[in-house]
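>>> here is a sequence with its predicted model. Questions after.
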Amino acid sequence: MIRPRRSLLFMPGSNARALEKARLLPVDGLILDLEDSVAPEAKAQARDQIGQAVAAKGYGRREVLVRINALDSPWWLDDIAMAAKVKPDGILVPKVSSVQDLSAIADRLSDLNADMSIRVWIMIETSRGVLHAEELAAQVHDSETRLAGFVFGPNDISRETGIRMLPGRTAMIPMITHCILAARVHGLTVLDGPYSDIASVDGFALECAQARDLGFDGKTLIHPGQIEACNAAFTPPPEDVAQARKIIAAFERPENAGRGAIQLDGRMVERLHAEIAKKTIAIADAVETMGR
Ligand SMILES: CC(C)(COP(=O)(O)OP(=O)(O)OC[C@H]1O[C@@H](n2cnc3c(N)ncnc32)[C@H](O)[C@@H]1OP(=O)(O)O)[C@@H](O)C(=O)NCCC(=O)NCCSC(=O)C[C@H](O)C(=O)O
Ligand SMILES: [Mg+2]
């Protein structure tokens, strides 16, 4: 069954209250952060806190990822060792730019004898990472890499390139689309980065709708107030589900058995639309099963 990843909420590993609160939040996943939201002097305490929280296993069906520090930092080896021990669903590695980076992560996990259930997610948030996105995505075919998906990182992209983060993201769309295409070619999940203006309800709703329409599978969040709108944007609405069922039923009729294209309610529908319809239904069913 498809695992819905409409909403994954980042929270600083140093914030005990947030780690506790997350057990009840209606998100599809959590990203317990050791990187940018944790000050250097708080890294060790945050690592311990995340280790205890993950080991306690109170997050139900929510997918739990631990974002470790970047490979050029002094902390990533301790971070990954903690993750190997407490077994979250995955680690999220920031600023991955090359296949060599992915190999370094795989080698370290292997040296630690880490359970193969721990998947590797990478943030595409450097210019080199974007340029190498297809090569990186292709590594999913090497099971040793454990690669599960991409998370786009607009803040770091903006920092490195000078591209400004503006409503509508016009200047960033080419690189977003490049990453989504790379992910799709190799069957990876791809999640949008966070939206920082937590006070802007309308701006956030627009960005969620845009992320969905660009083809992202879901979006990462930074505040509980963003969950509901994000889930709503990435949940197929009942009318789309009803239409999807209608398309599938139409192609199952004996008179349409040999046809590639049919007319349904005044529109042309092809078998590729039946494939899309099946995915819509699978996501809707999975969301219903999760009960959110
Ligand atoms: C942005 C925040 C620092 C705001 O925190 P705060 O001022 O405390 O917010 P509120 O008073 O509105 O909080 C209300 C209650 O909600 C809880 N809360 C807040 N945020 C979270 C959260 N993320 N997860 C769980 N719970 C949260 C508060 O504890 C309050 O609870 P209560 O006490 O019961 O009232 C803060 O939201 C925050 O730290 N957000 C996450 C920041 C983060 O993780 N950043 C890193 C990821 S984004 C990134 O790195 C960029 C990316 O890499 C890129 O390059 O683009
Ligand atoms: Mg970043």
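Perfect, I can see it now. Ligands and ions are numbered 1, 2, ... in the order given.

>>> next up, phi/psi of the residue nearest to the spatial centre of the chain, please.
Taking Cα atoms, centre = their mean, the centroid of the chain lies closest to residue 191, which sits 3.4 Å from it. Main-chain torsions, residue 191, degrees, to the nearest 10: phi -110, psi 150.

>>> tell me the pLDDT of it.
pLDDT for residue 191: 98.

>>> show the contacting residues for it.
5, 8, 149, 150, 151, 152, 216, 217, 218, 219, 220 (Cβ atoms under 8 Å, 6 or more residues apart in numbering). In this view, the C-beta of every residue, glycine as well, is placed from N, C-alpha and C.

>>> turn these into TSV, columns for distance to ligand 2, neighbour count and secondary structure.
TSV is the format used below for these (distance: Cβ to the ion, whole Å; neighbours: other Cβ atoms under 10 Å; DSSP: H, G, I helix; E, B strand; the rest coil):
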residue	distance to ligand 2	neighbour count	secondary structure
5	18	23	coil
8	14	25	strand
149	16	22	strand
150	13	27	strand
151	9	28	strand
152	10	28	strand
216	16	27	coil
217	19	23	coil
218	17	26	strand
219	15	28	strand
220	10	27	strand
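
>>> of those residues, closest to residue 37?
Among the contacts of residue 191, residue 220 lies closest to residue 37 (Cβ to Cβ), at 12.0 Å.

>>> how about stretch 33-44, does it get close to ligand 2?
No. Applying Cβ under 5 Å from the ion, one finds stretch 33-44 out of contact with ligand 2, separated by at least 5.8 Å.

>>> what is the neighbour count of the residue of the stretch 1-150 of the chain found nearest ligand 2?
Distances between the stretch 1-150 of the chain and ligand 2 by Cβ to the ion are smallest at residue 125, namely 4.6 Å. Neighbour count for residue 125, taken as other Cβ atoms under 10 Å: 25.

>>> residue ranges of the helices in the stretch 1-150 of the chain, please?
Using DSSP state H, counting those that start in this stretch, the helices found in the stretch 1-150 of the chain span residues 16-21, 43-56, 76-86, 99-111, 127-131, 133-138.

>>> figure out which of those helices is closest to ligand 1.
helix 16-21 (3.5 Å; Cβ to the nearest ligand atom).

>>> tell me the gap between the closest one and the middle of its chain.
Here the centre of helix 16-21 is set off from its chain's centre by 21 Å, with Cα atoms, centre = their mean, to the nearest Å.

>>> list the helices and strands it packs on?
Packing contacts for helix 16-21, counted by 3 or more Cβ pairs under 8 Å, 6 or more residues apart in numbering; DSSP states H and E, involve strand 7-12, helix 43-56.
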